[in-house]
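Enquirer: Okay, here's the prediction I keep looking at, along with the sequence it came from:
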Amino acid sequence: MGQIVSLTMSQLPTWLRGMGDRISRLDLRPAYKTGRQLCVNHARQTIISGKSPDGDAYKPLVMPRARSKGKDIPLRDTGALLASLGSGNPYVIDVVTFNYFEYGSRLIYARLMNEGGTIVPTKSKALAVPRTPEALRAGSPRRFPRPLLLIWPKGKQSGRLVEKVLKGKGKNQKPVLITHFLLLKSAEIPARPFLTITPALVEKVYSVITDYMIERVF
């Protein structure tokens with residue numbers, strides 16, 4: 001998803017609007033490029049800090065991630081979302097024109113992370129959420145290398161795919177169930193905005209553009 005920012009004549013100081021043709025002939029793309037970078041830096045910082053552009057902390061994850069070395073920081077699973085805002089990334093939205101600039105991420109889940117929403121299964125009866133590093137590597141219960149047992153209590157909205165293994169040695173061995181996948185009818189993703197433009201950010205961007213215009217008009 002992308003965020004578009006534009007500057008209208010009504011937002012300029014009255015005395016600057018009076019310059020008329022001199023302003024209309026200006027190429028504002030360099031100023032828009034600088035303004036865009038301010039917005040990108042702001043979006044990246046919200047992800048890094050774990051706080052929305054308004055300063056509110058993101059809602060924590062409902063359950064720890066399956067990655068054994070990953071940190072349970074919202075929006076920071078693989079680092080792909082943060083990277084997608086960077087220059088040269090194949091998923092980055094980088095548009096600068098005479099009238100506006102646009103920034104954001106083309107990642108398929110960027111809008112969901114930003115605005116929140118509900119995920120429902122489309123090709124199966126339930127969502128399979130990996131709960132172990134091995135399940136994560138497999139990517140799907142169908143590709144898991146060993147047989148899994150289904151545990152889904154009647155009337156419940158969630159179930160598990162487990163593996164039965166023996167723990168211990170000799171006569172002390174006991175069967176243990178390892179949950180590799182959690183099965184869900186649906187999953188609610190809370191909004192964790194990272195592309196929200198605050199009034200303070202708008203003021204900075206307009207200041208950059210206005211200063212650029214002033215330098216070239218006088």
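Expert: Thanks, I have the structure now. On a predicted model such as this, the values are computed, not experimentally measured, just so you know.
Enquirer: lowest-pLDDT helix or strand in this protein?
Expert: In the chain, no helix or strand scores lower on mean pLDDT, DSSP states H and E than helix 14-17, which sits at a mean of 58.
Enquirer: How about the secondary structure of the residue lying farthest from the centre of the chain?
Expert: Largest separation from the mean C-alpha position in the chain: residue 171, at 50.1 Å (CA atoms, centre = their mean). With DSSP: H, G, I helix; E, B strand; the rest coil as the basis, the three-state label of residue 171 is helix.
Enquirer: which stretches of this protein form strands?
Expert: 2-6, 92-96, 100-105, 117-119, 127-130, 149-151, 158-167, 174-184, 187-189 (DSSP state E).
Enquirer: from the ones you listed, which stretch is densest packed?
Expert: Burial of those is given as mean neighbour count (mean count of other CB atoms under 10 Å); strand 100-105 ranks first at a mean of 22. C-beta here means a position set from N, CA and C on the backbone, and glycine is covered the same way.
Enquirer: residues making contact with that one?
Expert: Contacts to strand 100-105, defined as CB atoms under 8 Å, 6 or more residues apart in numbering, come from residues 1-7, 32-33, 35-36, 39-40, 43, 81, 84-85, 91-96, 110, 195.
Enquirer: Which neighbouring elements make contact with the longest helix along the chain?
Expert: Ordering each helix of the chain by length in residues (DSSP state H) puts helix 29-49 first. Helix 29-49 sits against strand 2-6, helix 80-83, strand 92-96, strand 100-105, helix 199-217, with contacts defined as 3 or more CB pairs under 8 Å, 6 or more residues apart in numbering; DSSP states H and E.
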